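A.B. asks: Need coordinates for the below:
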Amino acid sequence: MLLRPRLVRAPLRHASHRAAFSSRSLAPRGSDADANSDAAASDAIVRLVAAGGSSLEADFDRLDPALSHALVARTLRALTDSGVPAERFFAWASLRRGFSPSAHAHNLLIENAGKLADYRAMSRALALMSQRRLPLTDRAFAFLAPSGSSRSSCVEDAARAVLRVLDDVGGPCRASGVFSLVKALASTGEFDAAVSVIEETRRMARYFNVVVAAKCKAGNFVGAREVFDEMRKSGSAPNANTWNCLLGCLLKNGRLAEACGLVESMERSKPGEVPDSLTYEILTYHACKAGKMDSAMQILDQMFSANLTPRITIHSAFIKGYFYAGRIEDAQKYVDDMSTRDRHSVNRNYSLLAKLLRKSGRTIDAGRVLYELMEKGLRPDHSAYVKVAKDLYKMGRGDLASELKLMFQRFSVQADTGQ
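C.D. replies: Have a look, this model is predicted:
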């Protein structure tokens, strides 16, 4: 006899209406009141720093703002926007008991120093980050984004100055700093400056990949291919990330012939590097999206032949591809086949098919899919089970809903008995 699932593990305590409503805060954390308070405190701090003076730290003490990561970040951004040095405020905040500036705040401090071209302050901030083993991000170099009056040559000069500081500081910030510097430049379209930084450091595929990815994101597949070709000529061999980024860009922009040529080049490259699982995922995704399910299946078979395990996104692409093409039986067959070829994906594949069937109005079929999954001893997605069961009740098929519930209760019993 099956035990009833323990839906309620502890009795609810009685609470009066007065207690329930009066206990709710009228100004919860993160409300407009908090934002207004942070804005007022930030404005006051900026005014104090701008005024300067030897008693600045004492002025901060008298102001006594309620420090939070949100307030510190807001203040650092405001100081940078106002062209006011942030180092003394940051140092004061760092000494406050119970508060430690986040890695994001440290990156904002470096951005402030860069905006003011104060490379000594930047050096001190970088040394502090190295000491604390905090990661540099491209936010630290957001000041390099060209403004309306700046020219690329000015950006390149500033990038070289930053690179000299990174070289002087060394330590953990050096490696992450070069990568973040290249990323910051590439993300703002300063590709020449990014390549210049790469050439002055090390011509690593990891750095070039940032430039390729930025060009791909901008839809500049010609420029991305030029960087790719330059990598191959200069001895900085493209790695799997480079190939896949360019492949995705070509397919996204409908450059099918070039994409096919790239795949052929992949197959002639060093064995074991490409194609990899992501390559197959990109190819199958675009094939499924184009409704070319047979071609997608051929790619998947090649993937299994290469002893690569598909990610769940590949299975989702197939199931949705078949389903939205009206090939429901093929979607079911795919799910059944993958239950033996890739057992790690069984739960999510069946649950996804059930969700799609339910949304299309085929609730009984959705219930059958979930029942079949549970017959295999596998637990379906809880939300899928609940929604299908509720819909079965609504349509007058409580008998089928009860069957599903009975099957699902087995998993609750197993959890309660520790099986």
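A.B. asks: Low-confidence ranges, the stretch 1-150 of the chain, go.
C.D. replies: For the stretch 1-150 of the chain, the stretches flagged by pLDDT under 70 are 1-34, 147-150.
A.B. asks: Please look at G398 and L392 and confirm they touch.
C.D. replies: Yes: applying C-beta atoms under 8 Å, one finds G398 in contact with L392, separated by 7.0 Å. C-beta here means a position set from N, CA and C on the backbone, and glycine is covered the same way.
A.B. asks: Which one's more surrounded, those two?
C.D. replies: Higher neighbour count among G398 and L392: L392, with 23 against 13, using other C-beta atoms under 10 Å.
A.B. asks: Now that one: closest residue in space that isn't a chain neighbour?
C.D. replies: A401 (3.9 Å; C-beta to C-beta, 6 or more residues apart in numbering).
A.B. asks: check which helix or strand covers the one you found.
C.D. replies: helix 398-417 (DSSP states H and E).
A.B. asks: Quick one: distance of that helix to the chain centre.
C.D. replies: 36 Å (C-alpha atoms, centre = their mean, to the nearest Å).
A.B. asks: residue nearest the centroid of this protein?
C.D. replies: Centroid check for the chain by C-alpha atoms, centre = their mean gives T137 as the closest residue, at 14.3 Å.
A.B. asks: what residues are up against it?
C.D. replies: By C-beta atoms under 8 Å, 6 or more residues apart in numbering, the contact list for T137 reads A103, H104, N107, S180.
A.B. asks: Low-confidence regions, the stretch 251-400 of the chain specifically.
C.D. replies: 270-273.
A.B. asks: Which parts of it are helices?
C.D. replies: Counting by DSSP state H, counting those that start in this stretch, the stretch 251-400 of the chain has helices at residues 256-268, 277-289, 293-305, 312-324, 328-341, 346-359, 363-375, 382-394, 398-417.
A.B. asks: can I get those in TSV with distance to L128?
C.D. replies: As requested, these are exported to TSV (distance: least, C-beta to C-beta, whole Å):
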stretch	distance to L128
helix 256-268	44
helix 277-289	37
helix 293-305	47
helix 312-324	40
helix 328-341	51
helix 346-359	45
helix 363-375	54
helix 382-394	46
helix 398-417	49
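A.B. asks: who wins for proximity to N244 among the ones you listed?
C.D. replies: With C-beta to C-beta as the criterion, N244 lies closest to helix 277-289 of these, at 5.0 Å.
A.B. asks: For W243, state which of the contacts of T137 is nearest.
C.D. replies: Set against W243, the nearest of the contacts of T137 by C-beta to C-beta is S180 (23.5 Å).
A.B. asks: Report all helices and strands that the helix or strand harbouring A58 contacts.
C.D. replies: Here A58 sits within helix 56-63, counting by DSSP H and E. Packing partners of helix 56-63 (3 or more C-beta pairs under 8 Å, 6 or more residues apart in numbering; DSSP states H and E): helix 32-51, helix 87-94.
A.B. asks: what does the domain assignment say about this protein?
C.D. replies: Domains of the chain are assigned by automatic domain parsing as 64-202, 349-419.
A.B. asks: From the chain's centroid, how far away is the longest one?
C.D. replies: Offset of domain 64-202 from its chain centre (C-alpha atoms, centre = their mean): 22 Å.
A.B. asks: for stretch 40-48, same thing?
C.D. replies: The answer for stretch 40-48 is 33 Å, by C-alpha atoms, centre = their mean.
A.B. asks: Identify the residues contacting it?
C.D. replies: Contact with stretch 40-48 is made by 56, 59-60, 63, 65-66, 71, 74-75, 78-79, 82, 84, 89, as judged by C-beta under 8 Å, 6+ apart.
A.B. asks: Please list only the buried members of the residues you listed.
C.D. replies: L56, D59, F60, P65, L71, R74, T75, A78, L79, V84, F89 (16 or more other C-beta atoms under 10 Å).
A.B. asks: circling back to that earlier point, make a markdown table out of the domains of the chain and add distance to T242.
C.D. replies: Listed next are the domains of the chain as a markdown table, based on distance: least, C-beta to C-beta, whole Å:
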| stretch | distance to T242 |
| --- | --- |
| domain 64-202 | 13 |
| domain 349-419 | 31 |
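A.B. asks: So for V274, which of these sits nearest?
C.D. replies: Nearest of those to V274, taken as C-beta to C-beta: domain 64-202 at 21.8 Å.
A.B. asks: burial of K233, as a residue count?
C.D. replies: K233 has 7 nearby residues by other C-beta under 10 Å.
A.B. asks: what comes up buried for the helix or strand that contains it?
C.D. replies: K233 belongs to helix 221-234 when assigned by DSSP H and E. By neighbour count with 16+ other C-beta under 10 Å, helix 221-234 contains the buried residues F221, G223, A224, R225, V227, F228, M231.
A.B. asks: Touching that helix from outside, list them.
C.D. replies: By C-beta under 8 Å, 6+ apart, helix 221-234 touches 191, 195, 203, 205, 208, 211-212, 215-216, 237-238, 242, 245-246, 249-250, 253, 255, 258.
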